[in-house]
Each structure stands twice: as C-alpha cells, then as structure tokens.
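> Please work out how this folds:
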Amino acid sequence: MENTTDRIYFKDAESRFILINPSTAVWLGLANPVEAVGKTDFDFFAEVHARKAFHDEQQIMASGQPKVGIEEKETWPDGHETWVSTTKVPMRDREGRVIGTFGISRDITEHKRGEEARIAAMVLSESNITLEKTNAALQEEIAERKRAEEALANERELSHTMMDNISDRIYFKDKDSHFVFINRATVENFGFHDPSEIIGKTDFDFFTEEHARQAYDDERRIIASGKPLVGLEERETWSDGRETWSSSTKFPMRDSEGRIIGTFGISRDITERKAMGLSIELANAKLSDLVNWLEGRNREINVLNKMGELLETCRTPEDAYPVISNQMDKLIPVQAGRLFLLNKESGQYSVAASWGEDPDRTESFSPQDCRCIQSGSIHIVNTADPGLYCPHLHLDPEEVPIYLCIPLKDQGETIGVLHLRNLREKSAPESRLDLKQELATTAADHIALALANLSLRETLRIQSIRDALTGLFNRRYLEESLQRELARAQRKTVMLGVVMLDVDHLKRVNDLYGHEAGDTLLAVLGHWLQSNIRAEDISCRYGGDEFILIFPDASPESTYQRARQICEGVRLLEISHHDRSLGSATVSIGVAGFPENGQTRDALLSAVDEALYKAKDQGRNCVVTAVEKTPPS
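Residues are numbered from 1 along each chain as shown. Next up, the predicted model:
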C-alpha cells in the first residue's frame, strides 16, 4: 500500500473512509492519510460523482458481489475531471459478514487503458466460446470428433496468429507463475528469438528480485481471489539494468470446469509515454517557475511605480517617510528596514523611516560608522564575519546579520543610507539570503531622487517666503498670513493683535559703521524676535528696518504689554560687528488690533502704521496704540 501509485482505500458500511494509502491521500489533496478517516466522497468530489460512488458501494454490500474494472469519470468541486479504472469488493469480518468495501483505483486520465481490458476480454471470450463449442461438439457429436479437433486446431492457429501479430505482450502462466505460452511480442521484448527460451521459466529469471517478487505476489492474489488486476502501471527493472514501463491487465485462467489453473495477461509498453510525461512535467515546472518569476517582477515594478506616484504627491520630506516605510515593506520584506538621512547641522545620519518586525536600537550614527558611506558604494554582508560588520549595528551576541547598506546620493553627496537586514542564530546553518540587491538599489535611487527633489522644493519654498538677512518671513508671506488669521479670528470670534516696529536711527549706524554693520543689527534683531514670541505667533520683516508681528488670540491689553516687553528687551541687547560694539539699539512700536482698529488686512496695516509714526513723533523708543493712547515708556 505504501509504495504503489494506485489508490487503495477501505470504507465502512456508511461509505466513510477508515484507511487509505499515501497515493490516495495525495490524490485527495491531503498531507496525511489520517485526515481522510471519517470522511466520504462527498467531502472531496462533486455531488453527482459522490452519489454514484455511494450507490455502487451500497449495491456491493447488499449483493456481496464485487464491481471489477469500472471506468469512472471523477468530477471534482472545482469542475475539473479525471478518469480512473476502479475495482471494488465487499469487505467481510471473520464471520463472513459484509462490513464495508475496499477498492483500488488507477488514474487513466491521460490515456485510458480500456483497450487492454477489451482485448483481454475478447481473447478470453473467444477462448471460452471455442471451449464451449468444442465441449458441446464432443458431447453432442462424438462421431465428428476428428472434424471438431481440426476445427479446434484451426481456431488455435488463428488465435496464435492473431496474438503473434499484436504488438502487446500476451502471456499465460501456470499456478506457480511459470510461463506456459507467450506471443511473439513477448519473445522479442525479452530479447530472445524462440519461445522455448522462456517457456517454463518465471519472472525471476529475467527481472530483478524486487520486480519479480511484486509480479509473483500480484499473480498469487489473482489466483486466490479469482479477480483480475486491470490497468496496472508497472516499472520493470531487468536483470541487465534496463528499466521499462508497462501497463498490464492480468486475469485468472480457468479450465473447462471453471477451476483456476493459472493466470494470463496483456502488457503494453508505455516507456515512451512515461518519458514524454516526465518531460512535460519538467517543462510545466519550468514554465510555472518562469510565470512565478514574471509575476514577482511585475509585482515589484507595480510597487516601485506606486511608491514613485505617492512620493510625487508629497510636499515635504516628512510626508515621504511613511510612504517609504509602507512601500518598502511591500517591495522587499525584511526583519529590519531603516532609512537614515544626513542631518547637516550635526553631521550625523539619523533614522527617518523604519519597517519590519525586528526593532533596531540604532537611532543615529557618524559617517565613519557605515562602510557604504566610506566606500561610496553598496556594502553587502551575507556571511558570519564580524570584520565586515558596520559599527552602527547593535546586535545580541548570538545574532548573525545578513544585510545591505546602500548610499543615497544627490550630486555626489551621500544624503542618506538605505539599510535592509535579516538575522539568523549563530547555531543555524550557514546560508546566503537574497536581499534582491538590484531591486534594492533601484528603490534606493528612487528614494534618493524623491528626497532630493523634496529638499530642493522645500528650499525654494523657504526662499520664497523667508527674508534672507533676518530669517523671518517676508512681506508677501505676511500679507497672506494676516489675511488668513483675520479670517480665522472672524470665524471663531476671537481677537487678533498686530505690532509694527521700526529700528531707531538705523541710518546713523550705517553711516558710522557701514551698511554691513546695519545688516548685522537687523539680523540679530530678527533672531531675537523669533526667539521671544510664541510658536503660534508670526514674525515678518516688512521692509527696510520695519518688522511686523502677528499675535493670534491676543487682546489689545496683552498685545500692548508684549509690545512694551519687546521695546525694553531690545534696549538690553548687546550688538557687535567684527568684535566692535554697535551700542544699544532701540525701536519704535505701533500697536493695533482686530476688531477694534480694523476689519480688513489693509485697515489693520494702516492703523498700526499710523500708530508707529506717532511713536516716532513722540520721540522714538516707545509704544503707541492705534487708539492714540500713549503709555509711559
């Protein structure tokens, strides 16, 4: 049961499987024969086929008679069909009661072997007819014995002639499996010239012990059971080392009184068909591998394209990081994936994005800690050699990394590192992991280009809204922001404060120390203003030596107090240029607010500008509100 390719199965009285061999398990799509126990054909086949099989088995148990050599079309749940040649017999207990059925099924899908059975049946039928006619003639016409014997001889001659002209091997054996008659095809197939060289011998004289024993055991079962073996595919191993394949059907051979006196069989050489089947299987396997590879490549291209499309929609590098994490995890699944980017202020490479199941303790590292930055090219480690590891890796003693570090470059500068890593235990066998180097390099190029474009876009955006000298927002940004904050204040019914300040006597500084010194004063003042306002406040250089501050959610009183703090804070600044003190600086400040001093951007700017000029008229170095209130300075 274990070694045969035929499906052998035993069922109880309810047609439930109680035992199957491995070939049956494979045919049913099971990993273990035990999984079939308790199930029926309804669990594996379509309703029509399962119902017919159930009816046949119930009929066998009811009649006690077997069903031999049934060709069945099996219909599976997914719609595909297969053909088998099946023999089913009643299964009895020790008292002879029928307790179930057992059967043997052979796959005849690719080439139905019913021809052998029909030829054998024809030979048997003709032989039986001849014997019956002869017996009848002997009993009924003793006087015509001689003529009957001649007729019988003619019949035998015709039968021999027919068998000798058939390309299939036909052979008859006695009860001890000795050859008693063979046709010409059998003689030639065995490599002899005369039947006498084979008659009287057994399969043990021509085949290996293993094959001869299998054939002998099959014939013992046929003689014992009186039942044929139909469509049996056999691998024949010859004593000279040859291997051939045949499809055989064997029957019990009976005498005129119905007693079994041996066996006879028909075998067809299917060696070429088997070889062709194997070639087809190999070709299909290669084709399947190619299809799988193409599907994988197509999936990778789709993920790369999708990542590119998503990166194009990002407005800042921060928007791109989650896109990179998500798409890289789909593109090249690894235990640890990291994107490190260069921080130009610290000179360190810090984690910007990460993916995978393995947490990485590395948050940042110096350029000298990664070999791909030092070499300027991809660094690959796929063997357990600590001498090749990058210093930025933090590993447990038993971990062996298999990883790639790929530099991300922009105009020759390494702006980041793409790190892909898997791990194995030191005790695990040495192996090389395919981290898809070419695909990873392509992905790294996509990421580097996208980040470089985003960085350039951010730089251009900042340049378009920032004042180059002070680092504060410029006038265009001020006008957009004030309009936006006014709309928000109106929508939420809150107040808004606006402060305009002007550096006192900047022309005197330019005249005494030069325009570069004046620029230094403005730059220091801009930095100080940015450092002394809230995160939600907006500071802008309005033009020349004028600055405007926007205070969201600020009342007139709080705006005025903050303006005074700024006025006093500027007086305390120590400003120098090329190690030369520029003296103390002062500012004149105008204050206005929404809604009391204006409902529109232009009205507010006009009101705060008017307040500023009043502060200058009142002697500078003071704060004046748009309601013409002049608090003491």
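> what about the residue positioned nearest the centre of the chain, which SS state?
With distances taken as C-alpha atoms, centre = their mean, residue 296 lies nearest the centre of the chain, 8.0 Å away. Following DSSP: H, G, I helix; E, B strand; the rest coil, we place residue 296 in the helix state.
> in this structure, which helix or strand is least confident?
Across the helices and strands of the chain, mean pLDDT, DSSP states H and E gives its lowest value to helix 114-140, namely a mean of 66.
> just how off-centre is the helix or strand that that helix is followed by within its chain?
Counting by DSSP states H and E, the next helix or strand C-terminal to helix 114-140 is helix 145-164. From the chain centre to the centre of helix 145-164 is a distance of 70 Å (C-alpha atoms, centre = their mean, to the nearest Å).
> mind listing what's buried in the next helix or strand after helix 145-164?
Using DSSP H and E, the helix or strand that directly follows helix 145-164 along the chain is strand 169-174. Neighbour counts over strand 169-174 (16 or more other C-beta atoms under 10 Å) mark 169, 170, 171, 172, 173 as buried. For the C-beta atoms, the positions are set from N, CA and C on the backbone; glycine is no exception.
> Likewise for stretch 285-292?
For stretch 285-292, it's none, nothing buried (16+ other C-beta under 10 Å).
> Average pLDDT for that stretch, rounded please.
For stretch 285-292, mean pLDDT rounds to 79.
> go on, stretch 145-154?
According to the model, stretch 145-154 has a mean pLDDT of 72.
> cool, stretch 89-107 as well?
Stretch 89-107 comes out at a mean pLDDT of 92.
> do stretch 342-358 as well
Rounded mean pLDDT across stretch 342-358 is 85.
> contacts for that stretch?
Contact with stretch 342-358 is made by 317, 321-322, 324-326, 328-329, 333-341, 360, 362-367, 370, 373, 413-417, 421, 423, as judged by C-beta atoms under 8 Å, 6 or more residues apart in numbering.
> how about that stretch: buried residues?
Quick answer for stretch 342-358 (16+ other C-beta under 10 Å): 342, 348, 349, 351, 352, 353, 354, 355, 356.
> Mind checking which of these land in strands?
Here DSSP state E is the test, and the buried residues of stretch 342-358 give 342, 349, 351, 352, 353, 354, 355 as lying in strands.
> can you tell me which of those lies nearest to residue 571?
Distances from residue 571 to those, taken as C-beta to C-beta, are shortest for residue 342 (41.1 Å).
> So that closest one versus residue 370, what's the distance?
11 Å (C-beta to C-beta, to the nearest Å).
> and residue 416, what is it in contact with?
339, 340, 341, 342, 349, 352, 407, 408, 447, 448, 451.
> ok, it to residue 339 distance?
6 Å.
> Are there residues contacting both of the two? Which ones?
By C-beta under 8 Å, 6+ apart, the residues touching both residue 416 and residue 339 are 352, 447.
> distance of residue 331 from residue 415?
Relative to residue 415, and taking C-beta to C-beta, residue 331 is found at 20 Å.
> So for the two, which residue has more residues nearby?
residue 331 (22 against 19; other C-beta atoms under 10 Å).
> The more buried one - nearest residue in space that isn't next to it in sequence?
residue 303 (4.5 Å; C-beta to C-beta, 6 or more residues apart in numbering).
> Quick check: next helix or strand after the strand or helix carrying the one you found?
Using DSSP H and E, residue 303 sits in helix 271-313. Of the helices and strands lying after helix 271-313 in sequence (DSSP H and E), the nearest is helix 317-331.
> mind checking how far that following helix is from the chain centre?
18 Å.
> do the same with stretch 27-38
27 Å.
> What residues of that stretch count as buried?
Applying 16+ other C-beta under 10 Å to stretch 27-38 flags 27, 28, 30, 33, 36 as buried.
> what's the burial count for the residue lying closest to the first one once chain neighbours are set aside?
Excluding its sequence neighbours, the residue lying closest to residue 27 (C-beta to C-beta, 6+ apart) is residue 7, at 5.5 Å. By other C-beta under 10 Å, the residues close to residue 7 number 22.
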